[in-house]
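K.L.:
heads up, no residue letters with this:
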């Protein structure tokens, strides 16, 4: 059962590395033209664009800080200028600024809130406006699809990272409330909640001794890769999931099953 996105335009924020990079690559392989957003450092995003174009796809790299409304608006305008529309928006950008609660600064709190939660709000808002403006383009059953990148910490508390966990819990309710509001306009909104995913950024936590410790939290017995999340993102963006609305799909090897309680805690 192949999921295709031919004729569609996908905008992926935070797509220059990690999960976002994997999602952007998979969307291109499924036939979508892809807007590869980055914040710091254009080269990885441009390298991904060259890779996609080398395989016969279409892509552009667009720099923007998703926490700033004027930059989000400019990003969507550039996408429309290049490809004529936006059909899929993947709100993926996220950061961590970890600290014990008593020592956490307001800058650490606000910084994570601005990127992880406000950034997803602004991205989704710009997407809804663009979907309504362009209407039914005849490329999908829905007139637009939004995928929020949440986390297992939408439901699992995370000591020492209350700012990050608060944003992911907020994303869950943002997504469901938005889905409730715009479903009647044929806009589908869903989220993905990754668990432990091996990327360049978190290599220290997912390989070696740290990786073995992490496996105790994953019933399925392996640490995920970006492709695991990307496959779900393509499915959620495709007509194969047309009746899926307002749902977080956890891609976590069973982490949200709280495996510590297998033997009654």
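P.N.:
Received it, and whenever you're ready, just let me know what you need. Note that the coordinates shown come from a computational prediction; the quantities given were computed from them, not determined experimentally.
K.L.:
which regions of the protein lie under the pLDDT threshold?
P.N.:
1, 201, 265 (pLDDT under 70).
K.L.:
longest strand of it?
P.N.:
For the chain, the longest strand by residue count, based on DSSP state E, is strand 187-194.
K.L.:
for that strand, buried residues please.
P.N.:
By 16 or more other C-beta atoms under 10 Å, the buried positions in strand 187-194 come out as 187-194. All C-beta atoms are positioned from the backbone trio N, CA, C, and that covers glycine.
K.L.:
in JSON lines, list those residues along with distance to residue 55.
P.N.:
Converted to JSON lines, these look like this (distance: C-beta to C-beta, whole Å):
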{"residue": "187", "distance to residue 55": "30"}
{"residue": "188", "distance to residue 55": "27"}
{"residue": "189", "distance to residue 55": "30"}
{"residue": "190", "distance to residue 55": "27"}
{"residue": "191", "distance to residue 55": "28"}
{"residue": "192", "distance to residue 55": "24"}
{"residue": "193", "distance to residue 55": "29"}
{"residue": "194", "distance to residue 55": "25"}
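K.L.:
ok, those vs residue 141, which is closest?
P.N.:
Closest approach between those and residue 141, by C-beta to C-beta: residue 188, at 8.7 Å.
K.L.:
about what we covered before: the longest strand of the chain: what's the following helix or strand?
P.N.:
Per DSSP states H and E, the first helix or strand lying C-terminal to strand 187-194 is strand 197-198.
K.L.:
give me the distance from that next one to the chain's centre.
P.N.:
Offset of strand 197-198 from its chain centre (C-alpha atoms, centre = their mean, to the nearest Å): 14 Å.
K.L.:
neighbouring contacts of whichever helix or strand comes after it?
P.N.:
Downstream of strand 197-198, the next assigned helix or strand under DSSP H and E is helix 203-206. Residues outside helix 203-206 that contact it (C-beta atoms under 8 Å, 6 or more residues apart in numbering): 196-199, 210-211, 214, 223.
K.L.:
wait, what's in contact with residue 120?
P.N.:
Contacts of residue 120 (C-beta under 8 Å, 6+ apart): 66, 91, 93, 148-149, 171, 174.
K.L.:
which SSE is it in?
P.N.:
Judged by DSSP H and E, residue 120 forms part of helix 119-134.
K.L.:
buried sites along that helix?
P.N.:
Under 16+ other C-beta under 10 Å, the buried positions of helix 119-134 are 119-128, 130-131, 134.
K.L.:
kindly calculate the angle that that helix makes with strand 187-194.
P.N.:
Relative orientation of helix 119-134 and strand 187-194, computed by axes from the mean of the first three to the mean of the last three C-alpha atoms, to 10 degrees: 150 degrees.
K.L.:
give me the neighbour count for the residue lying closest to residue 226 once chain neighbours are set aside.
P.N.:
Counting by C-beta to C-beta, 6 or more residues apart in numbering, residue 226 lies nearest to residue 22, which is 2.9 Å off, once chain neighbours are set aside. Neighbourhood size, residue 22 [other C-beta atoms under 10 Å]: 23.
K.L.:
identify the residues contacting residue 22.
P.N.:
225-227, 229-230.
K.L.:
can you flag which of these belong to strands?
P.N.:
Among the contacts of residue 22, the members falling in strands are residue 225 (criterion: DSSP E).
K.L.:
can you tell me which of the contacts of residue 22 are buried?
P.N.:
226, 229-230.
K.L.:
between the residues you listed, which is closest to residue 2?
P.N.:
Looking across those and measuring by C-beta to C-beta, the closest to residue 2 is residue 230, at 14.6 Å.
K.L.:
which residues touch the residue nearest to the closest one when sequence neighbours are not counted?
P.N.:
Excluding the flanking residues, the one nearest residue 230 by C-beta to C-beta, 6+ apart is residue 26, at 3.7 Å. In this structure, residue 26 makes contact with 227, 230-231, 233-234, judged by C-beta under 8 Å, 6+ apart.
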